[in-house]
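A.B. asks: after the sequence you'll find the predicted model.
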Number of protein chains: 2
Amino acid sequence: MVNAKIPRATAKRLPIYYRYLGILFNSGKKRISSTELAEAVKVDSATIRRDFSYFGALGKRGYGYDVKSLLDFFKKTLNQDKLTNVGLIGVGNLGHALLNYNFHGSNNVRISAAFDIDERITGTIQSGVPIYPMSQMKEQLVEQQIEVVILTVPSPVAQRVTDELVSAGVKGILNFTPLRVTVQDGVRIQNVDLTNELQTLIYFLNHVDQQDG
Amino acid sequence: MVNAKIPRATAKRLPIYYRYLGILFNSGKKRISSTELAEAVKVDSATIRRDFSYFGALGKRGYGYDVKSLLDFFKKTLNQDKLTNVGLIGVGNLGHALLNYNFHGSNNVRISAAFDIDERITGTIQSGVPIYPMSQMKEQLVEQQIEVVILTVPSPVAQRVTDELVSAGVKGILNFTPLRVTVQDGVRIQNVDLTNELQTLIYFLNHVDQQDG
């Protein structure tokens, strides 16, 4: 069913739709209009209809959307029916917070292994997750078939660690370091730059005439 | 000089340009081509030229960009010449990590006050930042003229706390909670949803034919 190219902005909204549909379903809601959904997720209804149009006919005119079928559709599209094990590289302050972050609980994403150089924590289990020394990173990632990692190492070692991750077969990196790392084709980097988020917010506050284009 | 509407995607890249120009300047680089800058920041050169075009003529054809003037321009545009005090609402695991996060050090953004309900930490100073009880939030935000906050409270109280923030005159909220909070016009919300980031990454890995549109 999915054959058009999905814009990144649309893809980023899919988990939001999925999450809110779950809340609506659990509250006993059977069907919903795009206007109601818009109100719940804070995305305008024209955008919702356009996003949904990439996936073919998900709703019926004059009826709206069937909550259960929409939920099932997104569950499948977002691979929520299968568990994705994720590695955490670097257990400093931010890494430690992410270990304790439940990623909304309901989703099938789990940090299953963490890596650090600090010998005070390696060999221990923190929040249910084993912390391995960096020297065992490649071996463990291969053995546990982990293809997605969260990178929270200090910037100066970010590129070197990334090279090692790629050589261990990692295909996706959620990069929390401020460094824009280089990878070969076929490996996807998603940057989460907290300073940038804050600066962008401040930028827009100081240029109130410049809202989103 | 800034009179066109700046797309959000462009605004989000400005801090990256600024940061890398600082690195280049400190390394003694005087001028740079858009191709060289593209390589450094991992943004293609056509996008860089388009981004820069919103700000008028920043470079000269055949010469490239003068690093110092570009740096000064972005410094001014991003208000890096003035300190922005930011409040942190909620000092749990993530909040605590953000207290210790240096927001790249070089930028003029600083968490100057934090708020929590936990009496074991209120009244103390953590990482140089005073932690006030939530009951003093409004009073302190007004007194310290804090208009930008980072929201890391539990979801169930996110909307209530947001209403209080708005009534205290807060104009910008970096929202780390999974809740899409409602605010009146004139208040800007920037959502940083870590579960979404991870799910979007996994989505693209499972649909490799669907790269960014």
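C.D. replies: Cool, got the structure.
A.B. asks: contacts and neighbour counts: CA atoms only from here.
C.D. replies: Noted.
A.B. asks: residues contacting the longest helix along chain A, please?
C.D. replies: Among the segments of chain A that qualify as a helix by DSSP state H, the longest is helix A:8-26. When contacts are taken as CA atoms under 8 Å, 6 or more residues apart in numbering or on different chains, the neighbours of helix A:8-26 outside the stretch itself are A:40-41, A:51, A:67-68, A:70-71, A:74-75, A:78, B:196-197, B:199-200, B:203, B:211-213.
A.B. asks: equivalent analysis for stretch A:35-54, please.
C.D. replies: Taking CA under 8 Å, 6+ apart as the criterion, the residues outside stretch A:35-54 that touch it are A:2, A:4-6, A:10, A:16-17, A:20, A:34, A:58, B:180, B:182.
A.B. asks: ok, 7 Å please
C.D. replies: Judged by CA atoms under 7 Å, 6 or more residues apart in numbering or on different chains, the contacts made with stretch A:35-54 from elsewhere in the structure are A:4, A:6, A:10, A:20, A:34, A:58, B:180.
A.B. asks: backbone dihedrals for the second one, please?
C.D. replies: Here is the backbone geometry of residue A:6 (degrees, to the nearest 10): phi -90, psi 120.
A.B. asks: from residue A:185, how far off is it?
C.D. replies: Noted for residue A:6: a distance of 19 Å to residue A:185, by CA to CA, to the nearest Å.
A.B. asks: more neighbours, the two?
C.D. replies: Comparing residue A:6 with residue A:185 by other CA atoms under 10 Å in any protein chain shown, the one with more neighbours is residue A:6, at 20 against 7.
A.B. asks: in a helix, residue A:139, correct?
C.D. replies: Yes - inclusion of residue A:139 in a helix is indicated when DSSP: H, G, I helix; E, B strand; the rest coil is applied.
A.B. asks: neighbours of it, how many?
C.D. replies: The local packing count at residue A:139 equals 12, with neighbours defined by other CA under 10 Å.
A.B. asks: same thing with residue A:45?
C.D. replies: The number of residues packed near residue A:45 is 17, by other CA under 10 Å.
A.B. asks: and it, how far from residue A:71?
C.D. replies: Separation of residue A:45 from residue A:71 (CA to CA): 18 Å.
A.B. asks: try residue A:83
C.D. replies: Residue A:83 is 17 Å from residue A:71, where distance means CA to CA.
A.B. asks: neighbour count winner among those two?
C.D. replies: Neighbours were tallied for residue A:83 and for residue A:71 using other CA under 10 Å; the higher tally belongs to residue A:71 (19 against 11).
A.B. asks: please, a ChimeraX command that selects the buried ones among the contacts of stretch A:35-54?
C.D. replies: Only the buried members of the contacts of stretch A:35-54 enter the following ChimeraX selection, criterion being 16 or more other CA atoms under 10 Å in any protein chain shown:
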select /A:6,10,20,34 /B:180
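A.B. asks: can you lay out the contacts of stretch A:35-54 as a markdown table showing distance to residue B:99 and pLDDT?
C.D. replies: Formatted as a markdown table, the entries for the contacts of stretch A:35-54 read as follows, by distance: CA to CA, whole Å; pLDDT from 0 to 100:
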| residue | distance to residue B:99 | pLDDT |
| --- | --- | --- |
| A:4 | 42 | 57 |
| A:6 | 36 | 80 |
| A:10 | 32 | 88 |
| A:20 | 30 | 87 |
| A:34 | 39 | 83 |
| A:58 | 44 | 71 |
| B:180 | 23 | 89 |
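A.B. asks: need the contacts of stretch A:35-54 in JSON lines (columns: distance to residue A:141).
C.D. replies: Formatted as JSON lines, the contacts of stretch A:35-54 follow (distance: CA to CA, whole Å):
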{"residue": "A:4", "distance to residue A:141": "33"}
{"residue": "A:6", "distance to residue A:141": "30"}
{"residue": "A:10", "distance to residue A:141": "30"}
{"residue": "A:20", "distance to residue A:141": "33"}
{"residue": "A:34", "distance to residue A:141": "42"}
{"residue": "A:58", "distance to residue A:141": "38"}
{"residue": "B:180", "distance to residue A:141": "35"}
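A.B. asks: quick check: residues of chain A near chain B?
C.D. replies: Those residues of chain A that sit near chain B, judged by CA under 7 Å from any CA of the partner chain, are A:5-8, A:11-12, A:15, A:41-42, A:78, A:93-94, A:97, A:103-104, A:172, A:174, A:180, A:190, A:195-196, A:198-201, A:203, A:205, A:210-213.
A.B. asks: narrow those to those that are buried.
C.D. replies: Buried among the residues of chain A next to chain B by 16+ other CA under 10 Å: A:6, A:11-12, A:15, A:41, A:78, A:93-94, A:97, A:103, A:172, A:174, A:180, A:190, A:195-196, A:198-201, A:203, A:205, A:210.
A.B. asks: of those, which belong to helices?
C.D. replies: When DSSP H is applied, those are split such that A:11-12, A:15, A:41, A:93-94, A:97, A:195-196, A:198-201, A:203, A:205 fall in helices.
A.B. asks: what's the most distant pair in these?
C.D. replies: With distances taken as CA to CA, the most widely separated pair in those is A:41 and A:93, at 30.7 Å.
A.B. asks: now do the longest strand out of those in chain A, average pLDDT.
C.D. replies: When secondary structure is assigned using DSSP state E, the longest strand within chain A turns out to be strand A:109-116. Along strand A:109-116, the predicted local confidence has a mean pLDDT of 94.
A.B. asks: following it, which helix or strand shows up next?
C.D. replies: strand A:125-126 (DSSP states H and E).
A.B. asks: which residues does that following strand contact?
C.D. replies: Contacts to strand A:125-126, defined as CA under 7 Å, 6+ apart, come from residues residue A:131.
A.B. asks: do the same with stretch A:84-92
C.D. replies: Contact with stretch A:84-92 is made by A:108-116, A:146, A:148-153, as judged by CA under 7 Å, 6+ apart.
A.B. asks: out of those residues, which is nearest to residue B:140?
C.D. replies: Distances from residue B:140 to these, taken as CA to CA, are shortest for residue A:152 (32.6 Å).
A.B. asks: and for that closest one, nearest residue in space, chain neighbours not counted?
C.D. replies: residue A:90 (5.0 Å; CA to CA, 6 or more residues apart in numbering or on different chains).
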